[in-house]
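Peer 1: Sequence first, then the predicted structure:
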Amino acid sequence: MKNLFIVLFFVFLIKAFFCFPDSFDDDFTSFNETRWRKGGLWTNGGDVFQCCWRQDECYIEEEELVLKISDEGCPDECDEMPYASGELRSRDLFTYGTFFVNMKPAAANGTVSSFFTYTSPSDASLINEIDIEILPFDPQAVQFNVWRGGVQDPYKFDLDFDPFADYHEYSFKWERESVTFYVDNKQAYKYEGEIYESEGMKIMANLWPCKADNWCTPPEFQIANNEDDKSKYKRISYTTIEDSNDDDDDDDDNNNMTSDSTTLGLLFNFFFVLLFLFIF
Ligand SMILES: *[C@@H]1O[C@H](CO)[C@@H](O)[C@H](O)[C@H]1NC(C)=O
Ligand SMILES: *[C@@H]1O[C@H](CO)[C@@H](O)[C@H](O)[C@H]1NC(C)=O
C-alpha cells in the first residue's frame, strides 16, 4: 500500500511538471494571487535597471493593473537604487500559444514599459525571452526582441500612432519554429527560429527607469509624479496553441503541435501503467 502512494506521488509530480496551464483571460478587476505575484524586494543587477522592484508599485486601480516608478525612500529602502518600480510575474510557466496585452505605456522619457515571457534557468546565460518593449526615447516604435539561450535578436517596428496617447493591443504567438508579433491584431513581424519549449516561460510585465546609451537614456530621468510615471494594463491573456489554432483554421502547419502533446500524454500514461505493474 505504501508503494502505491509512492508511485502515485511520483506520477502526479512528473505529470504536474510536464503539463502546462490552460488559457486564461485576466481583465484585472482584482489582483488574482493564484495567478500572479508582485516583484520585490530585489534588483536585477547591473546598471541598465535603475530601480529595485517593490510590491507597492504594482497595484490594481480602476480595473487596471498599474506599474509605477517612485523615488520614495530611495536609495535606502530601494536596495540602494535611485528608484523603485513595479513588476508582475505569473506563478505558472506557459508554453506555445498566444500572449496578449492591452496596455498604455509610461510616457516618462528614459523608461521602458514591457510585456514579455521569460525563463531563467539556473545557468543565467541560457535565458529564453520574448519581449514587447515601448520606450518614450523612441516614441513612434515598439521593440520586439527574442532571446534564445542568452543571445538576443531585437527588431524595431514603426507605429502609425502615438503609443503613449491611448491603449493598444500587442501580442505574440509563440510556436515551435517561429514567433509572430501583432499590433492591434495586425501582423507586424515574424521571427523565424526555434525557442525550445524546455520548462516553459513565465508571463511578466514591468516598468523601469533605464540606463543604456543610444537605446533609452535621456539627459536626465525625472519623476513627474503624474500619469507619465505609470504603465497601465487593461487586460492580459494567454491562449494555448491548440485554442489559438482553433481560432485561425487556415494556419494548418501547426496542427501537429496538438497531436504531439497528446502523444506525449499517452506515452506518459503508458509508462506509468508499466511502472505500476512492474512494482506490484
Ligand atoms: C485566478 O487564477 C487561477 C489560476 O489561473 C484561476 O484558476 C482562477 O479562476 C482565477 N480566479 C479568478 C477569480 O479569475
Ligand atoms: C527624450 O530624450 C531624447 C534624448 O535626449 C530626446 O531626443 C527626446 O526629444 C526626449 N523626448 C521627450 C518627449 O522629451
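Peer 2: Alright, I've got the coordinates. Ligands and ions are numbered 1, 2, ... in the order given.
Peer 1: CA atoms of the helix or strand harbouring residue 152 as PDB?
Peer 2: Using DSSP states H and E, residue 152 sits within strand 151-158. C-alpha atoms of strand 151-158 as PDB (Å, rounded to 0.1, in the frame of the first residue of the first chain):
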ATOM      1  CA  VAL A 151      21.500  35.600 -27.400                       C
ATOM      2  CA  GLN A 152      19.200  38.400 -28.400                       C
ATOM      3  CA  ASP A 153      17.700  39.300 -31.700                       C
ATOM      4  CA  PRO A 154      15.900  42.600 -31.500                       C
ATOM      5  CA  TYR A 155      13.600  44.200 -34.100                       C
ATOM      6  CA  LYS A 156      12.000  47.700 -34.200                       C
ATOM      7  CA  PHE A 157       8.600  48.100 -35.700                       C
ATOM      8  CA  ASP A 158       7.400  51.600 -36.600                       C
END
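Peer 1: Show me what that strand pairs with in its sheet, parallel or antiparallel.
Peer 2: Strand pairing for strand 151-158, using DSSP bridges, gives strand 141-148 (antiparallel).
Peer 1: in the partner strand, what's buried?
Peer 2: Within strand 141-148, the residues that count as buried by 16 or more other C-beta atoms under 10 Å are 142-148. All C-beta spots, glycine's among them, are computed from the backbone N, C-alpha and C.
Peer 1: quick check: mean pLDDT across the strand holding residue 152?
Peer 2: Across strand 151-158, pLDDT averages out at 95.
Peer 1: What distance do you get for the nearest residue to residue 129 once chain neighbours are set aside to residue 131?
Peer 2: Closest residue to residue 129 apart from its sequence neighbours, by C-beta to C-beta, 6 or more residues apart in numbering: residue 147 at 3.8 Å. Per C-beta to C-beta, to the nearest Å, residue 147 is found 8 Å from residue 131.
Peer 1: Over to residue 176?
Peer 2: 19 Å.
Peer 1: Please list the residues of this protein that sit near ligand 1.
Peer 2: Taking C-beta under 6 Å from any ligand atom as the criterion, the neighbours of ligand 1 within the chain are 24, 32, 34-35.
Peer 1: And for residue 101, the neighbour number?
Peer 2: By other C-beta atoms under 10 Å, the residues close to residue 101 number 22.
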